[in-house]
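Trainee: sequence and predicted structure, then a few things I'm wondering about:
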Amino acid sequence: MPKQFSDLGISAPILKAITELKIVVPTEIQQKAIPLLLANATDLVGLAKTGTGKTAAFGLPLLQLIDTQIPTVQAVILVPTRELGHQIFRNLEDFAKHLPEVSIAATCGGIPIKPQMERLASPTHIVVATPGRLIDLIQRKAINLKETKFLVLDEADEMVSILKESLDEIVAELPKEHRTFLFSATMPGTIKQLIQNYLNKNVVQVSANMETIGNQGIDHEYIVVDPIEKLDVLMHFLNSKEGERGIIFCKTKAAVNKLAKNLAINRFSSGALHGSLSQGIRDRIMEQFREGHINILVATDLAARGIDVKEISYVVNYHLPDVYEAYVHRSGRTARAGAKGLSLTVLQPEEEKEIVDFEKELGIKFTKFKKPSVASIEENNTLLWAKQIFKTKPNHEVDAELKTKIKTVFHHLTKDELIEKLLANYLLLNKNEPVEKPVKKLKRN
């Protein structure tokens, strides 16, 4: 019989909250980490792939270890992005539903600092923060970490460069006797150096099924296309997934904007997410995606951190990531909480050889996704054209007299006849053989 959270030592109020959230059976990383953290004895490194419940692995014991009689910051959770910070904040608030005396705050960059300073003036036990914003608050003397017992570095492999610059300043504010918990999906050399520099030499390391980094519920597939057909093939795939939610990853902000514009033109329910957008826009897009008002998110790697939406059925790597770890985090957005998912990578012919390296490095197996035929793509583009017309809003500024003249041209046609003529006109304009070719012949004669 699988272990229950009660077997791990989780207290009754927290058990009640997670049961209401339908979190019943602990994942492997939760089974291994929670008892060690509750024992409150040593530093810990937790390695587990994305989507396996790392937030609960450290969040549940932290909530239980807080002494609510002491009105000071007792735990700091550092995260790479504001999106992830607010995701963790929401999770902790849900876990602490029946612990009203525990006070949690999110203090991340990208939004005004003054309301956060005012929030920290009230008793606060747990702070979720991005490193830069935390240092800003420290320098303004708006936060006191002199009694902080726990430091959590979540998604550490995603913020190594930030931590190199800022961790000394943060650790200097903590009491000498504090515990550090580091959680990561991968273990590059830079993380090992971080552990050596900042964690106790007797640190305990736990890992969950790391012999295969890729999530077992994900089908890893790739498709090889020529650059000129890349967008058409993508839209063919997206049409086959109509009604399902997915994320498309691009390498740059410019690529995100360009692709999002093309999807909008073709009336796909989509939104763009990258670091140059204002925080208000990013929050609105994320909320629309989370609530199901848009189905497709086009994003850069950094902007998409913290997307924990269970119903994401597919991820598309529109550009191959530069590093293996990025692929792990991208693909991990799907197949969360035990679900199944697809990670599709779109490659140009010269990139196909790189798949072998990804398989070897990550311990996963890719299968080749069958490219649609030219006829199938043309049919799909015709359907997209029809949807464009259907979803186009009427232009009420068009002159009424002109409208009447146009109606007169079409008035004798039935609906079926009008559709036939529109379709024939579209196909004529989009034929591979240009219509002006016979004209050139006549000129030569």
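Mentor: Done, it's in.

Trainee: what number of residues lie near residue 220?
Mentor: Neighbour count for residue 220, taken as other CB atoms under 10 Å: 22. Where C-beta positions appear, they are placed from N, C-alpha and C, glycine not excepted.

Trainee: do you know how far it is from residue 344?
Mentor: Distance, residue 220 to residue 344, by CB to CB, to the nearest Å: 8 Å.

Trainee: show me where this structure has its strands.
Mentor: 44-48, 75-78, 104-107, 126-129, 150-153, 179-184, 204-208, 218-224, 245-249, 270-273, 296-299, 312-317, 341-347, 366-368 (DSSP state E).

Trainee: redo these as a markdown table? Include mean pLDDT.
Mentor: Output for the strands of the chain, formatted as a markdown table (pLDDT from 0 to 100):
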| stretch | mean pLDDT |
| --- | --- |
| strand 44-48 | 92 |
| strand 75-78 | 97 |
| strand 104-107 | 97 |
| strand 126-129 | 97 |
| strand 150-153 | 96 |
| strand 179-184 | 94 |
| strand 204-208 | 90 |
| strand 218-224 | 94 |
| strand 245-249 | 94 |
| strand 270-273 | 92 |
| strand 296-299 | 94 |
| strand 312-317 | 94 |
| strand 341-347 | 94 |
| strand 366-368 | 94 |
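
Trainee: can I get the ones you listed in TSV with distance to residue 61?
Mentor: As requested, these are exported to TSV (distance: least, CB to CB, whole Å):
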stretch	distance to residue 61
strand 44-48	10
strand 75-78	10
strand 104-107	15
strand 126-129	12
strand 150-153	9
strand 179-184	9
strand 204-208	13
strand 218-224	28
strand 245-249	31
strand 270-273	32
strand 296-299	32
strand 312-317	28
strand 341-347	29
strand 366-368	37
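
Trainee: those: which one's closest to residue 231?
Mentor: strand 341-347 (9.9 Å; CB to CB).

Trainee: residue ranges with poor pLDDT in the stretch 251-400 of the chain?
Mentor: Low-confidence segments of the stretch 251-400 of the chain (pLDDT under 70): 303-306, 308, 337-338.

Trainee: please enumerate the helices of it.
Mentor: For the stretch 251-400 of the chain, the helices defined by DSSP state H, counting those that start in this stretch occupy 253-265, 279-290, 324-331, 354-362, 374-391, 400-410.

Trainee: save these as JSON lines, and put in mean neighbour count and distance to residue 176 too.
Mentor: As requested, the helices of the stretch 251-400 of the chain are exported to JSON lines (neighbours: other CB atoms under 10 Å; distance: least, CB to CB, whole Å):
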{"stretch": "helix 253-265", "mean neighbour count": "17", "distance to residue 176": "42"}
{"stretch": "helix 279-290", "mean neighbour count": "16", "distance to residue 176": "36"}
{"stretch": "helix 324-331", "mean neighbour count": "22", "distance to residue 176": "32"}
{"stretch": "helix 354-362", "mean neighbour count": "14", "distance to residue 176": "39"}
{"stretch": "helix 374-391", "mean neighbour count": "14", "distance to residue 176": "62"}
{"stretch": "helix 400-410", "mean neighbour count": "10", "distance to residue 176": "79"}
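
Trainee: quick one, which of those helices is nearest to residue 314?
Mentor: helix 324-331 (10.0 Å).

Trainee: and that closest one, how far out from the chain middle?
Mentor: 11 Å (CA atoms, centre = their mean, to the nearest Å).

Trainee: strand 179-184 and that one, what's the angle between them?
Mentor: On the basis of axes from the mean of the first three to the mean of the last three CA atoms, to 10 degrees, helix 324-331 is oriented at 80 degrees to strand 179-184.

Trainee: return the list of helices and strands in contact with helix 324-331.
Mentor: strand 312-317, strand 341-347, helix 354-362 (3 or more CB pairs under 8 Å, 6 or more residues apart in numbering; DSSP states H and E).

Trainee: list the neighbouring strands of the second one plus their orientation.
Mentor: Sheet pairing of strand 341-347 (DSSP bridges) gives strand 218-224 (parallel), strand 312-317 (parallel).

Trainee: any idea which of the ones you listed is most buried?
Mentor: Looking across these with neighbours counted as mean count of other CB atoms under 10 Å, the highest average goes to strand 312-317: a mean of 22.

Trainee: how near is the nearest residue to residue 246 once chain neighbours are set aside to residue 121?
Mentor: In this structure, residue 246 finds its nearest non-sequential neighbour in residue 314, 4.1 Å apart by CB to CB, 6 or more residues apart in numbering. As defined by CB to CB, residue 314 lies at a distance of 45 Å from residue 121.

Trainee: what does residue 280 give?
Mentor: To residue 121, residue 280 is 25 Å away according to CB to CB.

Trainee: cool, residue 292 as well?
Mentor: For residue 292 relative to residue 121 (CB to CB), the value is 37 Å.

Trainee: quickly list what residue 298 is bridged to.
Mentor: Under the criterion used (DSSP bridges), residue 298 bridges to residue 248, residue 272.

Trainee: give me every residue that touches it.
Mentor: 247-248, 250, 256, 259-260, 263, 270-273 (CB atoms under 8 Å, 6 or more residues apart in numbering).

Trainee: from those residues, which is closest to residue 28?
Mentor: residue 247 (25.0 Å).

Trainee: isn't that closest one right up against residue 299?
Mentor: Yes. Contact status for residue 247 versus residue 299: in contact at 6.0 Å, counting by CB atoms under 8 Å.

Trainee: and those two? Which one has more around it.
Mentor: The neighbour count for residue 247 versus residue 299, taken as other CB under 10 Å, is higher for residue 299 (28 against 22).

Trainee: how about that one: what's its closest non-neighbour residue?
Mentor: Using CB to CB, 6+ apart, the closest residue to residue 299 is residue 273 (4.2 Å).

Trainee: and what of residue 20?
Mentor: Excluding the flanking residues, the one nearest residue 20 by CB to CB, 6+ apart is residue 97, at 7.1 Å.

Trainee: contacts only, for residue 351.
Mentor: residue 320.

Trainee: that one and residue 368, how far apart?
Mentor: In terms of CB to CB, residue 351 sits 13 Å off from residue 368.

Trainee: overlap of the contact sets of these two?
Mentor: Taking CB under 8 Å, 6+ apart as the contact rule, residue 351 and residue 368 have no neighbour in common.

Trainee: related to what we said a few turns ago, would a markdown table of the contacts of residue 298 with distance to residue 329 be doable?
Mentor: Shown next, in a markdown table, are the contacts of residue 298 (distance: CB to CB, whole Å):
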| residue | distance to residue 329 |
| --- | --- |
| 247 | 11 |
| 248 | 15 |
| 250 | 15 |
| 256 | 16 |
| 259 | 19 |
| 260 | 21 |
| 263 | 22 |
| 270 | 21 |
| 271 | 20 |
| 272 | 19 |
| 273 | 14 |
